[in-house]
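Student: Got a sequence here, can you build the structure:
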Amino acid sequence: MRRWLPLFLVLTGAILGAVFLRDQLSFEALARHREALLAYRDAHPLLTPALFVAAYALIVAFSIPGAIWATLTGGFLFGLFPGVLYNVTSATLGALALFLAVRAGLGESLRARIDASDGAVRRLSDGIRANEVPVLLSMRLIPAVPFFVANLIPAFLGVRAARFTWTTFLGIIPGALVYTWVGAGLGEVFARGERPDLTVIFQPYILGPILGLAALSLLPILVRRRSGA
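Tutor: Model prediction:
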């Protein structure tokens, strides 16, 4: 029961969050409550960041849809900096909580099953384990990899918590910078009655450098293969 309890709590929180918070994590909700949020931030300058980090971490831990709006809110309330620091810290803490819950409930048994298998899954698992840091960083850097998937795969493969944490923190910084920057400009977007452009991360001048970082993170794998060839 102790092993399965964290995973049960995560699943319960995910279901409840998806049902009751679906309409609260949206652009419309942020636009509707923006004045109240700014007033609360000004009245409680120390408490607001702590509450924000806790709330954002729970959203990520429970994999509740709408985390991107939490990132934009961090930029809107706190600016590019320290907003990006709050966003990255929150997302990392939430990812670590989910990682630990899944690893406790499924990780050991699934890893043993993979190790006992013989086939493509085993070869893929061995390849990832042999190149953990480059693979973990590239999963965070490539926008096409869903965030919750990048939390689950390391838990299934038995990645160490410390390595998972620091690669997550570093790997999500580029994307967090982009969306925090968008959030920091929401005041003008609200004033014009428009919606933010969330596809900005896929613009060549932004996506190109991020993919370049992802390729750079995979460079040690290529070097290792050539040296072993």
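
Student: going forward, measure contacts between C-alpha atoms and count neighbours the same way
Tutor: Fine.

Student: where does the chain dip in pLDDT?
Tutor: Residue ranges of the chain with pLDDT under 70: 1-4, 6, 107-124, 127, 205-207, 217-229.

Student: which stretches of it form helices?
Tutor: Remark: helices assigned in the chain by DSSP state H are 5-20, 27-43, 47-61, 67-78, 80-102, 108-116, 120-130, 132-141, 147-157, 161-171, 173-184, 186-192, 204-228.

Student: Report the angle between the fifth one and helix 147-157.
Tutor: It refers to helix 80-102. In this structure, helix 80-102 runs at an angle of 40 degrees to helix 147-157, with axes from the mean of the first three to the mean of the last three CA atoms, to 10 degrees as the basis.

Student: which helices and strands does helix 80-102 pack with?
Tutor: Contact analysis of helix 80-102 by 3 or more CA pairs under 8 Å, 6 or more residues apart in numbering; DSSP states H and E lists helix 5-20, helix 47-61, helix 67-78, helix 147-157, helix 161-171, helix 173-184 as its packing neighbours.

Student: circling back to that earlier point, how about the helices of the chain, which one is nearest L198?
Tutor: Between L198 and these, the shortest gap by CA to CA is with helix 173-184, which sits at 7.7 Å.

Student: quick one: contacts of the closest one?
Tutor: Under the criterion CA atoms under 8 Å, 6 or more residues apart in numbering, residues 68, 71-80, 83-84, 87-88, 141, 143, 196-198, 201, 210 lie in contact with helix 173-184.

Student: Mind giving me the ChimeraX select for those, buried ones only?
Tutor: Only the buried members of these enter the following ChimeraX selection, criterion being 16 or more other CA atoms under 10 Å:
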select :68,71,72,73,74,75,76,77,78,79,80,83,84,87,88,141,143,196,201,210
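
Student: OK, contacts around A67?
Tutor: A67 sits in contact with L25, Y56, I59, V60, where contact means CA under 8 Å, 6+ apart.

Student: What I need now is the residues you listed written out in a markdown table, including distance to F156 and neighbour count for each item.
Tutor: Below are those laid out as a markdown table (distance: CA to CA, whole Å; neighbours: other CA atoms under 10 Å):
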| residue | distance to F156 | neighbour count |
| --- | --- | --- |
| L25 | 29 | 20 |
| Y56 | 24 | 27 |
| I59 | 21 | 25 |
| V60 | 18 | 26 |
